[in-house]
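Colleague: Here's a sequence, model it:
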Amino acid sequence: MRKNDPLPRIAVIIPSFRVRRHILDVIAGLPPWIFRIVVIDDRCPEHSGDHVRTHCRDPRVLVLENEVNLGVGGATMRGYAAAIAAGADILVKMDGDGQMDPDQLGPLVAPIISKDADYSKGNRFYDLAHIGRMPGIRILGNAALSMMSKLSSGYWDVFDPTNGYTALHAAVARQLPFDRVSTRYFFETDMLFRLNTIRARVVDVPMPARYGDEVSNLRIGGVIIDFLLRHLRNAGKRIFYNYFLRDASLASIQLVAGVVLTLAGGAAGIGFWFHSFRSGIPSTAGEVMLAALPIVVGSQLMLGFLAYDIASTPRRALHPLLERNMPELGD
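Modeller: Prediction:
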């Protein structure tokens, strides 16, 4: 952020695919304090990029066109790079289908401007009245995906991970491996995982659900299994990075001991049951204890690790430190 500027330069990135009917209204609804508007035509069959060039006269708008479809994540990251090159301090990702209320831009970027967060995202689950307007499948799907996301990302206090209305500080964006972030619908949740690996502060911003005649390209029921596998992969990576590769603590010992004891107890229990089944002789109380005790102790150790992991959610914003070390940011 420029030290001499009263407000940061905020860019809005709009990945565009099959949004020709809504894109001009989305752009027109953006407030005048937005510094740059980057529209990325992600090989849109409706040629949304040409449509914006032809009918939009807003000088803030920059239209980029992808030669191949990169997915919402790939298009957004290309927009991030263009906005950073233009000197933006805060990068807002906003869909082009009209689902995201421009009046929520102020609350969305406020935690970053106040240095309370590096990344802020919308959460449509705060107000029960607004939740009631959501389709039931979205509520159930988002609840399931949110629980998976907590484990894989390490941000136990955020919800609604598929909400694509987000804001990111440019200094933090520069620390992310753009070439390794998921380019398709897993983009938002993979971003949370990547942000945790650099210990960035993430906060939820309450905002209402907004639905019109737009048609979402995401079918939650069709991605649950794929997302589950990706979440398990990211959870394993995060735990390895944070508790074994970069640092080791009592929680690391708790996790290893808990897993070993639980597996050992389970294996012993299966062995005793199989022996009892074959011989017809019931297992003794001692055998039952030999199987049960390691499982009980192992479970308690893993719960201790979980409590430590929840308590270690990043609480301080990273970008003020990065700005001190990178005074040229935005110049």
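
Colleague: Nearest residue to Leu64 in space, please, no chain neighbours.
Modeller: If the residues on either side of it in the chain are set aside, Leu64 comes closest to Ile40, at 4.9 Å by C-beta to C-beta, 6 or more residues apart in numbering. Glycine gets a C-beta too; all of them are placed from N, C-alpha and C.

Colleague: how many other residues sit next to that neighbour?
Modeller: Ile40 is surrounded by 29 other residues when neighbours are defined as other C-beta atoms under 10 Å.

Colleague: likewise Arg174?
Modeller: Neighbouring residues of Arg174 were enumerated by other C-beta under 10 Å; the total is 15.

Colleague: so it sits right up against Ala81, yeah?
Modeller: No - under the criterion of C-beta atoms under 8 Å, Arg174 makes no contact with Ala81, lying 9.9 Å away.

Colleague: Show me the common contact partners of these two, please.
Modeller: Counting by C-beta atoms under 8 Å, 6 or more residues apart in numbering, Arg174 and Ala81 have no shared contacts at all.

Colleague: Next, the residue nearest to Leu64: secondary structure please.
Modeller: Secondary structure for Ile40, judged by DSSP: H, G, I helix; E, B strand; the rest coil, is strand.

Colleague: what's the answer for Asn69, then?
Modeller: Three-state secondary structure (criterion: three-state DSSP) places Asn69 in coil.

Colleague: thought Val288 was touching Trp273?
Modeller: No - contact between Val288 and Trp273 fails when scored by C-beta under 8 Å: they sit 10.0 Å apart.

Colleague: and after the lowest-mean-pLDDT helix or strand in the chain, which helix or strand comes next?
Modeller: When the helices and strands of the chain are compared on mean pLDDT, DSSP states H and E, helix 128-131 comes out lowest with a mean of 67. From helix 128-131 onward toward the C-terminus, using DSSP states H and E, the following helix or strand is helix 136-153.

Colleague: Identify the residues contacting that next one?
Modeller: Under the contact criterion C-beta under 8 Å, 6+ apart, helix 136-153 has outside partners 125, 131, 155-156, 158-162, 189, 192-193, 195-196, 220-221, 224, 227-228, 230-235, 238.

Colleague: So which bits of that helix are buried?
Modeller: Buried residues in helix 136-153, counting neighbours by 16 or more other C-beta atoms under 10 Å, are found at Arg138, Ile139, Gly141, Asn142, Leu145, Ser146, Met148, Ser149, Lys150, Leu151, Ser152, Ser153.

Colleague: Likewise for stretch 311-329?
Modeller: Buried positions in stretch 311-329, judged by neighbour count with 16+ other C-beta under 10 Å: Ser312, Thr313, Pro314, Ala317, Leu318, His319, Leu322, Glu323, Leu329.

Colleague: ok, the fifth one - contacts?
Modeller: When the contact criterion is C-beta under 8 Å, 6+ apart, the partners of Leu318 are Asp118, Ala171, Val172, Gln175, Ile198, Arg199, Ala200, Arg201.

Colleague: Am I right that the fourth one is in contact with His319?
Modeller: No - with contact defined as C-beta under 8 Å, Gln175 and His319 do not form a contacting pair (9.4 Å).

Colleague: between these two, what contacts are shared?
Modeller: With C-beta under 8 Å, 6+ apart as the test, Gln175 and His319 both reach Ala200.

Colleague: Please identify which helix or strand holds Ala167.
Modeller: Element membership for Ala167, per DSSP H and E: strand 166-169.

Colleague: Distance-wise, check Ser250 relative to Phe244.
Modeller: In this structure residue 250 is Leu, not Ser. Using C-beta to C-beta, to the nearest Å, one obtains 13 Å as the distance from Leu250 to Phe244.

Colleague: which of those two has more neighbours?
Modeller: Neighbours per residue, other C-beta under 10 Å: of Leu250 and Phe244, the larger number sits with Phe244, 13 against 10.

Colleague: Thought Arg238 was touching the more buried one, still the case?
Modeller: No - under the criterion of C-beta under 8 Å, Phe244 is not in contact with Arg238, lying 10.8 Å apart.

Colleague: Is Thr189 in a helix, a strand, or coil?
Modeller: Following three-state DSSP, we place Thr189 in the helix state.

Colleague: which residues touch it?
Modeller: Counted by C-beta under 8 Å, 6+ apart, Thr189 has contacts Leu145, Met148, Ser149, Ser152, Ser153, Pro161, Thr162, Ser182, Phe227, Arg230, His231.
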